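Asks: quick check, what structure comes out for this input:
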Amino acid sequence: MNDIFFVEPDQVPVPPDEVRIRELKATPQADGRRVSVRIDVTPFQKRPNMELVIQNAKGEKVADLNVVEAMDNKMDFTVHLREAQTGGTYTARLTVLYSNFEEFEQDENLQADSPSDFFEKTTQEIDTAETTFEI
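Replies: Take a look at the predicted model:
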């Protein structure tokens, strides 16, 4: 007998090109050095990669986080800000990515000159979201 699972319509796993960010929330902790980050994406059929970058008001990167093949669609992280003095407005930007290394290896015409070139040629951005917060 087959198992039948009933799920809510918004909980049905979707293919990679339909994965979307449902929530990105960044909340500074009381010490002003750490930020609690909540990520919620649509349930997925294939595990996505994610990249989170936090920039200060000057546009300088003060924190980043990479998730490789996420296991869950809802995640919570604590990110540490790398700057001597914190304060002001910050922007957190989340990108959902999928990599296709197998296609690159099988295509004899594709060549990469550097690791970043390889990453660029094998990675597809699916969705992005931004949020701001104050310290």
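Asks: any idea how far residue 81 lies from residue 25?
Replies: Using CB to CB, to the nearest Å, residue 81 is found at 16 Å from residue 25. Heads up, the C-betas are built off the backbone N, CA and C, glycines and all.
Asks: whoops, residue 65 was the one
Replies: 14 Å.
Asks: the more surrounded of those two?
Replies: residue 65 (18 against 13; other CB atoms under 10 Å).
Asks: can you report how many residues lie near the residue nearest to that one when sequence neighbours are not counted?
Replies: Excluding its sequence neighbours, the residue lying closest to residue 65 (CB to CB, 6 or more residues apart in numbering) is residue 52, at 4.3 Å. By other CB under 10 Å, 21 other residues sit near residue 52.
Asks: the helix or strand residue 52 falls within pairs with which strands?
Replies: For residue 52, the element it lies in under DSSP states H and E is strand 49-55. Using DSSP bridges, the strands paired with strand 49-55 are strand 61-67 (antiparallel), strand 89-99 (antiparallel).
Asks: can you put these in CSV and add mean pLDDT and distance to residue 31?
Replies: Below are the strands paired with strand 49-55 laid out as CSV (pLDDT from 0 to 100; distance: least, CB to CB, whole Å):
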stretch, mean pLDDT, distance to residue 31
strand 61-67, 97, 14
strand 89-99, 96, 15
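Asks: give me the residue at the spatial middle of this protein.
Replies: residue 50 (2.6 Å; CA atoms, centre = their mean).
Asks: who's in contact with the nearest residue to that one once chain neighbours are set aside?
Replies: The shortest distance from residue 50 to any non-neighbouring residue, by CB to CB, 6+ apart, is to residue 67 (4.1 Å). Listed by CB atoms under 8 Å, 6 or more residues apart in numbering, the contact partners of residue 67 are 49, 50, 51, 52, 75.
Asks: measure residue 67 to residue 51 for me?
Replies: Distance of residue 67 to residue 51, given as CB to CB: 8 Å.
Asks: picking up where we left off before, deepest-packed of the strands paired with strand 49-55, please.
Replies: Of all the strands paired with strand 49-55, strand 89-99 carries the top mean neighbour count, a mean of 19, counting by mean count of other CB atoms under 10 Å.
Asks: picking that back up, list the residues that contact both of residue 67 and residue 51?
Replies: With CB under 8 Å, 6+ apart, residue 67 and residue 51 have no common neighbours.
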